[in-house]
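Participant: Build me a model from this:
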Amino acid sequence: KHIQVREGEFIHAGEKLTDGVVSSHDVLKILGEKALHYYLISEIQQVYRGQGVVISDKHIEVIVSQMLRQVKIINSGHTKFIEGDLVSRRKFREENERILRLGGEPAIAEPVLLGVTRAAIGSDSVIS
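Facilitator: Presented below is the predicted three-dimensional model:
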């Protein structure tokens, strides 16, 4: 790998320092969900456009949203979740709201990037 920055150069958190492929999981961990969302759309579009195929971003956004629809429980608080559980954002939000109404401690979770196949398998959608 070759270093892409020079001594004394100002860089931002998550900026590439060497050539090569950027890990999507690293983008999520360092820059967050929004940055990952834009990164994946950009990378996928680059592949399709390189083949002369034009696809509206909204179609890719739907897929990326499905890939980011689950969270991993890192602290279960007073909820029914177990640390390490993968749950949908909806279930996570609903359970935390229930616990807060009861005066308990909500769960804490981190975003998870699922592969396309795994995201489709876990989907309630007929299309997947």
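Participant: Run a quick neighbour tally on the closest residue to Ile108 other than its chain neighbours.
Facilitator: Among residues not flanking Ile108 along the chain, Asn75 sits closest, at 4.1 Å (C-beta to C-beta, 6 or more residues apart in numbering). Bear in mind the C-beta positions are built from the backbone N, C-alpha and C, glycine included. Neighbour count for Asn75, taken as other C-beta atoms under 10 Å: 13.
Participant: Would you quantify the distance from Asn75 to Glu105?
Facilitator: 8 Å (C-beta to C-beta, to the nearest Å).
Participant: One more: Ile82?
Facilitator: Between Ile82 and Glu105 the computed distance is 15 Å (C-beta to C-beta).
Participant: so what's Glu33 up against?
Facilitator: Under the criterion of C-beta atoms under 8 Å, 6 or more residues apart in numbering, the neighbours of Glu33 are Leu68, Pro111.
Participant: residue ranges of the strands in the protein, please?
Facilitator: Counting by DSSP state E, the chain has strands at residues 70-75, 86-88, 108-111.
Participant: And the shortest one, what's buried?
Facilitator: Right, strand 86-88. Using 16 or more other C-beta atoms under 10 Å as the test for burial, strand 86-88 gives Val87.
Participant: I'm done for today, thanks for sticking with me.
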